[in-house]
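Asker: Requesting a structural model of the entry that follows:
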Amino acid sequence: MKSLMSLWSHLADEHARRCCTSASRDINTVSRRVEHEGWSFMTITLPDLGKSFQRWLDQGRVANHSAFCNERGGSFPRVFGGFFSRVFDRKSGLLLDDPCVDSIRAIRHLTMMFGKMELECSRARQLSAVRNYVKCEQEVRMFDKELSESDLREFVQMSDMLFSRVFTEVDSDIYSGRYRPKHGPGSTADGLLGNQKFHQVVWTERLEKAGINAGENLLPNWSFYDQLGAVDFLEPGAEVPVKVTLVPKTLKTPRVIAMEPTCMQYMQQAILHRLLAYLGQDDFLSRVIGFDDQVPNQELARRGSIDNRTATLDLSDASDRVSNQLVRAMLHRWPHLFGAVDATRSRRAELPSGEVIRLAKFASMGSALCFPIEAMVFTTLIFLGIQRSLNTPLTRKTLQEYAGSVRVFGDDLIVPKDDVLTVVSTLEHFGARVGTDKSFWTGKFRESCGKEYFNGHDVSIVRVRQEFPARRQDATEVNSLVEFRNQLYTSGYWQTVKWLDGILEKLLTHFPTIQPTSSVLGRVSFLAHRAEVYDDARLHPSLHIPLVRGYVVEAKPPRDPLDGTGALLKCLLKLEARSSLRSSISCSYPSALDNDHELDHERPWRGYSPMVNTRHLERFGRPKSTSIKLRWRSPL
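Answerer: Okay, the predicted model is just below:
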């Protein structure tokens, strides 16, 4: 942590030089409070000040913060006073007519750079996160009871207007069996990992009743019919519940996810594939809902910070607050799609304590359908809110007018400012919770999908994600530090980068100059195109490209040999996937359609070969560990 504190001090000095002020007293104050309060001051208390600062920017006026004393006779906190005085008036606390953008960026950076370090939080905070998960479930049930028939009728009418074409196409595909299931590399509730998922012997009666037959999806073809005798068909009460799991997110709170049973995740991927295909082919919806490209959200946020025509909203616990009642109402006119989505939804969850609860939410993070379904629900509620704000029914034609002012990417929402209050009211009436500390529409500050803007200026920051590595073998920490260094470089913090280079050069005996596209752990430089920066480079014997010696991160999938029927099934599914992509590549979400982690192998220089990687039958799944190896690689 001493290295992290030194990093913060160097960055504070560099920000101070940019803003023509001094950070000496700030460094002393922060060092003293870290000594007395621990690292939670940097990861919880300071980020909370940063969030308050964002609200003050939006509201145009500074306010008191309980964790920091104000200057004597002043209106803003004593800490970072030199920066605050260039943003707010010292006496009145009002936002200056022309606030210093560099000071805004400095305050955000110095308060929030450690706010999202992936650290394991305390046991008490973990228990609090589980209690919040259960509380969300109770609130979903409460909102379900409070929704009136007219509310649901309005919701369904808007949903039909938006998605009827998509739902009709997917419904037809499910009825005709035109879908492709897929296993992912992650963990499952029933403990199957990697290639062993292709030997699954558990299915559910609900899947069978929905027309999703085990024979069609677990067997390569019907000549293997006799193997169905080993499959255990579970009744609804005997189904494996999702397994609620906590993974590190920040020191303040963990991330709560739910691991799905293998058969559920397998068929959720099939429905996901068809939904994304048709959503991407719809001219209007592809401009309103995003799944793999955050840039449109970021651009709308930038424009909104200038013209004040759009607002950015962020939802708290977004996945856990989407009611299954709303999803059922949205899909009820399409029986085959409705049946498939309902059959692939887990109805119960097992908490870390072992307690099993019944779910009213549609799904938690971990379900393959969580992200697209929540996006469609939020999109419906946004346009329902706009309709209520206008007090005029929207039509398919008038919806087109909002393609440049409405955008949904998960729980990051862009909506027209003129309708924002009604949209927020509608979202919360249907059970969502708008995060007030990350939603902006009053002033010139906007935030969406990891980018922040003030009056058109990018005031985004570079965040520290991992602790400093103690040795070269700490591959994850080394890789994170190199990425952080390169992000600082491209952001222009060159004095701090010079200090970091001294640390990295001692840690990595080979630390070459590279371009951002290189796989080598090296220093990104704007001069990387010049030949003289490659002192110890050599020429590739056949490709005639420069090679430099440096460390490369390697993460091999675990060894997991697969043969027999499971191997045949996996190969046939992959060949079918390739054929499907060739015929539907016009979709706007191609990377989301076929995100096969097991195919992440080095591509030949003369173009990507569409052939299936034969090693996937030997190794499959998420790597258990990463390492760094010294190699000769291209710096380009």
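
Asker: Kindly provide the distance from Gly354 to Lys243.
Answerer: 11 Å (Cβ to Cβ, to the nearest Å). To be clear about C-beta, it is placed using only N, CA and C from the backbone, and glycine gets the same treatment.

Asker: With neighbour numbers in mind, choose between the two.
Answerer: Lys243 (21 against 6; other Cβ atoms under 10 Å).

Asker: part of a strand, is the more buried one?
Answerer: Yes. According to DSSP: H, G, I helix; E, B strand; the rest coil, Lys243 belongs to a strand.

Asker: ok, it - contacts?
Answerer: For Lys243, the contacting residues are Ala189, Ala258, Met259, Ala349, Glu350, by Cβ atoms under 8 Å, 6 or more residues apart in numbering.

Asker: Out of those, which comes closest to Pro77?
Answerer: Distance to Pro77 across those (Cβ to Cβ) is lowest for Ala258, with 39.8 Å.

Asker: Give me the secondary structure label for that closest one.
Answerer: Reduced to three states by three-state DSSP, Ala258 is strand.

Asker: need the contacts of Lys243 in a markdown table with neighbour count, pLDDT and distance to Arg78, can you?
Answerer: Listed next are those as a markdown table, based on neighbours: other Cβ atoms under 10 Å; pLDDT from 0 to 100; distance: Cβ to Cβ, whole Å:
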| residue | neighbour count | pLDDT | distance to Arg78 |
| --- | --- | --- | --- |
| Ala189 | 23 | 94 | 51 |
| Ala258 | 25 | 94 | 44 |
| Met259 | 24 | 95 | 47 |
| Ala349 | 24 | 96 | 47 |
| Glu350 | 18 | 96 | 49 |
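
Asker: got CSV for those residues, with distance to Phe114 too?
Answerer: As requested, the contacts of Lys243 are exported to CSV (distance: Cβ to Cβ, whole Å):
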residue, distance to Phe114
Ala189, 34
Ala258, 28
Met259, 29
Ala349, 32
Glu350, 33
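
Asker: Show the low-confidence segments of the stretch 301-450 of the chain, by residue range.
Answerer: The stretch 301-450 of the chain contains no residues with pLDDT under 70.

Asker: Okay, strands next: where are they in it?
Answerer: Along the stretch 301-450 of the chain, the segments classed as strands by DSSP state E, counting those that start in this stretch run 310-314, 348-350, 356-358, 407-409, 412-416, 445-448.

Asker: Throw the ones you listed into CSV and include distance to Phe224, thanks.
Answerer: Below are the strands of the stretch 301-450 of the chain laid out as CSV (distance: least, Cβ to Cβ, whole Å):
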stretch, distance to Phe224
strand 310-314, 49
strand 348-350, 32
strand 356-358, 34
strand 407-409, 42
strand 412-416, 45
strand 445-448, 49
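
Asker: Nearest approach to Pro236 belongs to which of those?
Answerer: strand 348-350 (9.4 Å).

Asker: What strands flank the closest one, and is each parallel or antiparallel?
Answerer: strand 242-247 (parallel), strand 356-358 (antiparallel) (DSSP bridges).

Asker: Now Arg633. Nearest residue, chain neighbours left out?
Answerer: Val520 (4.8 Å; Cβ to Cβ, 6 or more residues apart in numbering).

Asker: I'd like the distance between that neighbour and His544.
Answerer: In terms of Cβ to Cβ, Val520 sits 18 Å off from His544.

Asker: Quick one: low-confidence residue ranges for the chain.
Answerer: 528-536, 578-614.

Asker: Scan it for its longest helix.
Answerer: As assigned by DSSP state H, the longest helix anywhere in the chain is helix 149-176.

Asker: which other helices and strands contact the helix or strand just after that one?
Answerer: Heading C-terminal from helix 149-176, the first helix or strand you meet, by DSSP states H and E, is strand 202-204. Packing partners of strand 202-204 (3 or more Cβ pairs under 8 Å, 6 or more residues apart in numbering; DSSP states H and E): strand 232-234, helix 262-281.

Asker: So which of the ones you listed is nearest Gln400?
Answerer: Closest among the helices and strands packed on strand 202-204, using Cβ to Cβ: helix 262-281, at 16.3 Å.

Asker: Quickly name whichever of the contacts of Lys243 is closest to Thr168.
Answerer: Nearest member of the contacts of Lys243 to Thr168, counting by Cβ to Cβ, is Ala258, at 30.2 Å.

Asker: which residues does that closest one contact?
Answerer: Val242, Lys243, Val244, Thr245, Ser346, Ala349, Ala363, Ser364, Met365, Gly366, Ser367 are the contacts of Ala258 under Cβ under 8 Å, 6+ apart.

Asker: same check, this time on Val497
Answerer: Arg485, Leu488, Tyr489.

Asker: Check this protein for its longest strand and report it.
Answerer: In the chain, with assignment by DSSP state E, the single longest strand is strand 546-554.

Asker: helices or strands up against it?
Answerer: helix 475-491, strand 513-514, strand 520-521, strand 538-539, strand 627-633.

Asker: most tightly surrounded among these?
Answerer: strand 520-521 (a mean of 26; mean count of other Cβ atoms under 10 Å).

Asker: which residues sit against stretch 427-437?
Answerer: By Cβ under 8 Å, 6+ apart, the list of residues contacting stretch 427-437 reads 51-52, 54-55, 139-140, 143-144, 147, 151, 155, 313-318, 321-323, 326, 378, 381-382, 385, 424.
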